[in-house]
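Asks: need a structure here:
(chains A and B)
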Amino acid sequence: MRPLPPTQRPNWRYIAAEMVPQWCSASARDMHYAILGCEASLFGDTGAATMRTSVISCGGGFVILRCIRGTEDDVETALATVTDVGGAPVALHPFVTSGTIHGLKKKIVICSLPSDEGNCKIGENTYRILRISGQKVDLVQQGIKQTTALYLNTDDLEDF
Amino acid sequence: MKTADACIYPYPVGDTSLRRLADELELRGFTGAIAVGIPAGCTVGNVRFLSGADITANSVKSCRDALRGAPKTDVVMVHAGDAVFNRAILGNISLNILRGIHHTDRRAFDHVSARMAADRGVAVDIDLSRIIVESGSRRQRALERYREISRLSQKYGFMLTISSGGRSLVGLRSVRAFARLGAVAGLDELQVCEALSTPAALLSPRRSVEVIK
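Replies: Residues are numbered from 1 along each chain as shown, chains lettered A, B, ... in the order given. Down below sits the predicted model:
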């Protein structure tokens, strides 16, 4: 089968979004379904189908999405309504849009992954300490049903 | 404080410390925020925090009692109720922001309340967490109410504020997301810009010119 000529191919736009918290280990599949659900909820199935959003990659604290040109604003609005992915609380902050993945990756600054620094006890709860870049520290408590977290700074950790 | 989130809840109400929130708010393009449960007049890094009292009451008397019992704050925010309650608090209580308008029915905030809010310099809050968290009929109802508030604001000139209502790092949104969600709620770009700068304007309300001899 002959490939489609460039003029007949869809014009894609690629969006990079930052994941908060950075240590969220959501799979691309879960992310795809979460975003599609939010789009359908906000704009209806027709609107979601027009955007043709798909997740290209997900990991390292970033998500790269693909959508049809002209629907970037709507996709960004839908991304703002994402609150959880696969049962874990996540926020997505889109920060750059480009016509090529190459152009997009030039603007992504890879941060160091969170480092595990043991445990600490606050009250009766034991938290795992994850040191994020800069002074940011996340205290994560892995429960049976859900994960709870405290988002602090190194100064706050000393106060505790 | 050109861009401010009108309501956030730091630790211990939420799960994120004030310093961490300041880092995150700066990263997302904010220069200030109204935080509930912090001491008045607090600046962390480049982010200025105003302390806010979040009051839920069902009568003017209980609202006044709650205000008397609350520690001194920069901004007083009262949750809206029915039409009678809204008019009563707008007329009798010195509040800055009327919150929770999405819970009320269509007639709770009408042209009379709008005019009173405009005269007394009271802002009405657009809580984006209702659009973010809710779905289905509840979100539709919130959007409907916000569109009505936007129309009334354009007609009568009362101030608007936009808040994320974030109790966590995950609940915060960027200025860009505020503009996008504001558009969904029926606010144009100018209204969003004005709403983001309203918390600063609340601290220095417009008054008539005084002649000092």
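
Asks: and A:A17, which helix or strand is it part of?
Replies: strand A:12-20 (DSSP states H and E).

Asks: right, is that strand up against chain B?
Replies: Yes: Strand A:12-20 reaches chain B (C-beta under 8 Å from any C-beta of the partner chain) through A:V20. Just so you know, the C-beta spots here come from the backbone N, C-alpha and C atoms, and that holds for glycine as well.

Asks: for that strand, which strands pair with it and how are they oriented?
Replies: Strand pairing for strand A:12-20, using DSSP bridges, gives strand A:62-68 (antiparallel), strand A:91-98 (antiparallel).

Asks: mind putting those in CSV, mean pLDDT, distance to B:I38 and mean neighbour count included?
Replies: Formatted as CSV, the strands paired with strand A:12-20 follow (pLDDT from 0 to 100; distance: least, C-beta to C-beta, whole Å; neighbours: other C-beta atoms under 10 Å in any protein chain shown):
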stretch, mean pLDDT, distance to B:I38, mean neighbour count
strand A:62-68, 94, 32, 22
strand A:91-98, 94, 22, 21
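
Asks: quick one: mean pLDDT over the longest strand along chain B.
Replies: In chain B, ranked by residue count with DSSP state E as the criterion, the top strand is strand B:47-55. Mean pLDDT, strand B:47-55: 92.

Asks: which residues sit against the very next helix or strand once past the strand holding A:A17?
Replies: Next in sequence after strand A:12-20, counting helices and strands by DSSP H and E, comes helix A:28-51. Helix A:28-51 is contacted by residues A:26, A:53-55, A:57-59, A:63, A:65, A:67-68, A:71, A:74-75, A:77-79, A:81-82, A:84-86, A:90, A:92, B:135-136, B:139, B:184 when judged by C-beta atoms under 8 Å, 6 or more residues apart in numbering or on different chains.

Asks: how about 7 Å then?
Replies: Helix A:28-51 has contacts (C-beta atoms under 7 Å, 6 or more residues apart in numbering or on different chains) with A:53-55, A:57-58, A:63, A:67-68, A:71, A:74-75, A:77-79, A:81-82, A:85-86, B:135.

Asks: okay, buried residues for stretch B:185-205 please.
Replies: Neighbour counts over stretch B:185-205 (16 or more other C-beta atoms under 10 Å in any protein chain shown) mark B:185-187, B:191-202 as buried.

Asks: chain A against chain B: which residues are in contact?
Replies: Chain A has residues A:20-21, A:41, A:73, A:76-77, A:80-81, A:83, A:89-91, A:93, A:136, A:149-153, A:155-156 near chain B, with proximity defined as C-beta under 7 Å from any C-beta of the partner chain.

Asks: now, of these, which are buried?
Replies: For the residues of chain A next to chain B, a burial check counting by 16+ other C-beta under 10 Å picks out A:20-21, A:41, A:76-77, A:80-81, A:83, A:89-91, A:93, A:136, A:149-153, A:156.

Asks: quick one, helices of chain B?
Replies: With DSSP state H, the ranges of helices along chain B come out as B:18-27, B:60-69, B:83-92, B:111-120, B:129-133, B:137-156, B:175-184, B:189-203.

Asks: could those be laid out in TSV, adding distance to A:R128 and mean pLDDT?
Replies: Below are the helices of chain B laid out as TSV (distance: least, C-beta to C-beta, whole Å; pLDDT from 0 to 100):
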stretch	distance to A:R128	mean pLDDT
helix B:18-27	17	92
helix B:60-69	39	88
helix B:83-92	46	92
helix B:111-120	48	93
helix B:129-133	27	94
helix B:137-156	35	94
helix B:175-184	29	95
helix B:189-203	36	90
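
Asks: right, and the ones you listed - which one's nearest B:L169?
Replies: Ranking the helices of chain B by their distance to B:L169 (criterion: C-beta to C-beta) puts helix B:18-27 first, at 5.8 Å.

Asks: okay, now the unreliable bits of chain A?
Replies: Across chain A, the ranges flagged by pLDDT under 70 are A:144.

Asks: residue closest to the middle of chain B?
Replies: B:D125 (3.7 Å; C-alpha atoms, centre = their mean).

Asks: ok, now how distant is that residue from B:L196?
Replies: As judged by C-beta to C-beta, to the nearest Å, B:D125 and B:L196 stand 12 Å apart.

Asks: also B:D54?
Replies: Distance from B:D54 to B:L196, counting by C-beta to C-beta: 20 Å.
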